[in-house]
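Undergrad: Let me see the structure of the following:
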Amino acid sequence: MARETVIMTPEQVEVRFELAGIGSRFIAVMLDTLLQALVMIIIILTLTLGMGGAVWLDALGSASSWIYAVIIILVFVITGGYFLFFEATRNGQTPGKKSVGIRVIRDTGHPIDFRAALLRNIMRIVDSLPGAYGIGIISVFFSPQYRRLGDYVAGTLVVKVGRPEMAAISSETIIKAGMADSRIQTLLPPEAMPYLGTIPKEDYRAIRHYLNRKLELEPAVALDLAKRLSSSIAFKLKLDPAQITDVAAFLEAVSIEWERRIAH
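TA: Below is the predicted model:
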């Protein structure tokens with residue numbers, strides 16, 4: 001049975017994520033480990049065979065300490081930097097995680113940042129003890145949110161990837177294209193305009209806060225928040241929330257009209 005977690009956003013909106021279980025995380029780690037091993041084998045073969053051939057082999061045969069040191073450093077960099085690089089620069093997804101449809105996010109619902117990725121992967125050393133991620137597996141097994149120690153320290157969760165948010169038309173794009181009035185009329189029918197004054201300043205601020213932060217949020221968080229905000233606003237405008245197909249654009253239209261008619 002899938003396990004979910006609920007995150008409360010600053011706008012007091014509950015957002016649900018489906019957590020990645022032990023099975024999908026284990027498969028992702030195995031795939032990533034195989035990829036790391038392949039990269040290390042290629043690099044070592046390149047060093048030993050591709051750059052000097054017999055000389056390098058002789059050096060290895062005579063247990064040259066600096067050759068071994070180079071290999072150890074490469075192994076450390078690849079094993080330690082692999083997860084950090086992908087999680088910090090690829091929106092919380094290593095190749096293994098991407099292949100099984102999971103990702104790392106912050107426990108606030110935001111995308112993982114470099115600091116969280118660094119802390120999470122420093123703790124990977126502890127989670128991997130005494131071998132084969134023994135401590136990490138035990139932690140995930142007993143954690144209500146399937147967290148290993150690295151997740152607790154970094155404040156992260158591993159979740160299943162949701163559907164991406166549909167791109168919304170920004171108010172600046174609408175205005176620059178000379179389509180502001182026609183687009184707004186489509187999103188806000190005339191019968192809704194008399195009720196625009198029923199939207200309090202607090203709701204307007206919540207809309208603006210969402211619009212300013214939506215690109216910083218996880219797509220699932222941004223979409224869910226937009227749906228909840230638009231549903232609340234639609235009721236105040238005497239509109240049917242089910243008829244709103246582009247919730248983000250609807251909120252932008254409400255923001256533009258509220259500024260035009262109420263704020264001034």
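Undergrad: Chain neighbours aside, what residue packs nearest to residue 139?
TA: Spatial nearest neighbour of residue 139, excluding adjacent residues (CB to CB, 6 or more residues apart in numbering): residue 148 at 4.6 Å. C-beta coordinates here come from the backbone N, C-alpha and C atoms, glycine included.
Undergrad: so who does that neighbour touch?
TA: Neighbouring residues of residue 148 by CB atoms under 8 Å, 6 or more residues apart in numbering: 123, 127, 133, 135, 136, 137, 139, 140.
Undergrad: Confirm that residue 159 lies within a strand, as I assumed.
TA: Yes: Residue 159: assigned to a strand according to DSSP: H, G, I helix; E, B strand; the rest coil.
Undergrad: Would you mind measuring from it to residue 243?
TA: Using CB to CB, to the nearest Å, residue 159 is found at 30 Å from residue 243.
Undergrad: what stretches of the chain score poorly on pLDDT?
TA: Low-confidence segments of the chain, defined by pLDDT under 70, span residues 1-2, 8-15, 47-67, 162-183, 185, 216, 263-264.
Undergrad: any idea where the strands of it begin and end?
TA: Secondary structure of the chain (DSSP state E): strands at 4-8, 14-18, 102-106, 156-160.
Undergrad: Quick one: closest of those strands to residue 85.
TA: strand 102-106 (12.9 Å; CB to CB).
Undergrad: residues in contact with that closest one?
TA: With CB under 8 Å, 6+ apart as the criterion, strand 102-106 contacts 17, 20, 24-25, 28, 87, 91-93, 97, 111-113, 116-117, 120, 155-161, 218.
Undergrad: Mind checking which of those are buried?
TA: Buried by 16 or more other CB atoms under 10 Å: 17, 20, 24-25, 28, 87, 91-93, 97, 111-112, 116-117, 120, 156-161, 218, out of the contacts of strand 102-106.
Undergrad: gap between the residue nearest the centre of the chain and residue 92?
TA: Nearest to the centroid of the C-alpha atoms of the chain, with distances taken as CA atoms, centre = their mean, sits residue 111, at 3.7 Å. Noted for residue 111: a distance of 6 Å to residue 92, by CB to CB.
Undergrad: Please give me every residue in contact with the nearest residue to residue 214 once chain neighbours are set aside.
TA: Of all residues not flanking residue 214 in the chain, residue 222 sits nearest, at 4.6 Å (CB to CB, 6+ apart). By CB under 8 Å, 6+ apart, the contact set of residue 222 is 165, 210, 214, 215, 248.
Undergrad: Looking at those residues, which is nearest residue 262?
TA: The nearest member of the contacts of residue 222 to residue 262, counting by CB to CB, is residue 210 at 17.9 Å.
Undergrad: contacting residues for that closest one?
TA: When contacts are counted by CB under 8 Å, 6+ apart, residue 210 is found next to 11, 222, 225, 226, 229, 251.
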